[in-house]
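[1] Build the 3D model from these lines:
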Amino acid sequence: MPTNKNAMYRYLILNDCFRNKYRNFTIDILCKYVNEKLKENGLPTVSERQIKSDIAEMKINPKWNVKFDETLFDGKKKIYRYEDTDYSIENLSLNEQQKSLIKSILDLTEQISGIEQIDRISEFKVQLSQLISENYNQQNNPTVIFEKNNYVSGLNEWWEKCLNAIQNKCVLKIVYNEFCSKEKNNFIISPYCLKEYNNRWFLICLNHEDKTRLYNLPLDRVEQIYIENQEFIESTFDIKDYYSDVVGVTVYQDEKIEDIHFKVYGKTAHYVATKPIHESQIQHWENDVLDVHLKVKINYELEHTLLSFIPFIKIISPKSLVDKHIEILKTSLNFYK
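    As a prediction, this is how the structure comes out:
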């Protein structure tokens, strides 16, 4: 049985050789070819004895049970070729658990639309159905439903282009229109990842004119994207860590991490208890009141989240957040006068 990734990689190289009808692979040619491939990928070379051992393993492995054409020789040297050159050790049969998993994945992809890479999966449903040996038909009632908004601007237009730029490390020029502004901004950026928050997608990137922080650009505010012939700047940020101390996507670098203390009342308390606002959330019950502490940086998303719990929330500290909350409530009341 394969015991490590190096061995598995050798088996796959050998598998390609054994399927080749147009080249005669004797043991010495096999050894030379395999070692060339190993060197190309920075892996240690092996001896002819190891290659013979690998071939023997492939023959006795119960999952593969490969069979060679025993009639092929080059002079006295045996030629290694599958009896059936259409066979491959990568074409393994699936067990019931694996088939069930594929069916579940097909169900899930039915609920994710508007992203071209996901939509393309539908093109392979027939092949996948053949792989699991049964017809797949979308159920009238889906087994899983995701929260989604297919009408968010920018998703269909820009998601795939941004993803391709990230994968291929392309520099982009983004034409970007901020809310409440008639002027358009042009950014030259190196894109790093796409991040979803609250049914909106954000392009996380480095602005070439401001390398001190990461930018998050909502795709629904992007008006055009161009590929620029410039050098891609590799990220010096740990992106997961960069966003670990905030709710959402807005990071104010000068903002320090604070202890956000608040109390939640009524049924809303149970909602907050079972669906934490942030991974740092610490909570305890005081009778029917939930006492909560968060260790985060204050940003727009945090404020918006806490305001969504009105009138069943009371901010305790910090004072700056208490004061801001009171001012927002006063402003809101003015609309009813």
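[2] give me the low-pLDDT residue ranges for the stretch 101-250 of the chain?
    Scanning the stretch 101-250 of the chain with the threshold set as pLDDT under 70 gives 101-156, 180-181.
[3] how about the strands in it?
    For the stretch 101-250 of the chain, strands defined by DSSP state E, counting those that start in this stretch occupy the ranges 171-177, 184-197, 200-207, 210-218, 222-228.
[4] winner for burial among those strands?
    For the strands of the stretch 101-250 of the chain, the stretch with the most neighbours on average is strand 200-207, a mean of 22; neighbours defined as mean count of other CB atoms under 10 Å. Bear in mind the C-beta positions are built from the backbone N, C-alpha and C, glycine included.
[5] helices or strands up against it?
    Based on contacts counted as 3 or more CB pairs under 8 Å, 6 or more residues apart in numbering; DSSP states H and E, the elements that strand 200-207 packs against are helix 155-168, strand 171-177, strand 184-197, strand 210-218.
[6] quick one: contacts of it?
    Taking CB atoms under 8 Å, 6 or more residues apart in numbering as the criterion, the residues outside strand 200-207 that touch it are 152, 154-155, 158-159, 162, 172, 174, 187-196, 214-220, 222, 233, 235, 239, 249.
[7] Tell me the gap between it and the middle of its chain.
    Using CA atoms, centre = their mean, to the nearest Å, we find the averaged C-alpha position of strand 200-207 to lie 15 Å away from the chain's own average C-alpha position.
[8] With only the CA atoms kept, save it in CSV.
    The C-alpha trace of strand 200-207 is given here as CSV (Å, rounded to 0.1, in the frame of the first residue of the first chain):
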residue,chain,number,x,y,z
ARG,A,200,-21.5,40.7,-0.1
TRP,A,201,-18.2,39.8,-1.7
PHE,A,202,-15.0,41.8,-1.1
LEU,A,203,-11.7,41.7,-3.0
ILE,A,204,-8.9,41.7,-0.4
CYS,A,205,-5.9,43.4,-2.1
LEU,A,206,-2.8,45.6,-1.8
ASN,A,207,-3.0,49.1,-3.2
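[9] what angle do that strand and helix 155-168 make?
    Taking axes from the mean of the first three to the mean of the last three CA atoms, to 10 degrees, strand 200-207 and helix 155-168 form an angle of 40 degrees between their directions.
[10] Run me through the strand neighbours of strand 200-207, direction for each.
    strand 184-197 (antiparallel), strand 210-218 (antiparallel) (DSSP bridges).
[11] out of those, nearest to Tyr271?
    When those are compared by CB to CB, strand 184-197 sits nearest Tyr271, at 18.9 Å.
[12] ok, which stretches of the stretch 1-150 of the chain are helices?
    According to DSSP state H, counting those that start in this stretch, the stretch 1-150 of the chain carries its helices in the segments 5-19, 27-40, 48-60, 96-110, 116-119, 125-131.
[13] sorry, back to before: rebuild the strands of the stretch 101-250 of the chain as TSV, extending it with distance to Leu302.
    Conversion of those to TSV gives the following (distance: least, CB to CB, whole Å):
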stretch	distance to Leu302
strand 171-177	24
strand 184-197	12
strand 200-207	16
strand 210-218	15
strand 222-228	25
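[14] was I right about His208 contacting Ser190?
    Yes: applying CB atoms under 8 Å, one finds His208 in contact with Ser190, separated by 7.0 Å.
[15] what residues are shared contacts of those two?
    A shared contact of His208 and Ser190, defined by CB under 8 Å, 6+ apart, is any residue touching both; here these are 171, 233.
[16] measure stretch 234-249 end to end?
    Taking CA to CA, to the nearest Å, the first and last residues of stretch 234-249 lie 20 Å apart.
[17] So which residues make contact with that stretch?
    Outside of stretch 234-249, the residues that reach it under the criterion CB under 8 Å, 6+ apart are 190, 192-193, 195, 197-198, 202, 204, 206, 214, 216, 251, 257, 277-280, 295-297, 299-302, 305.
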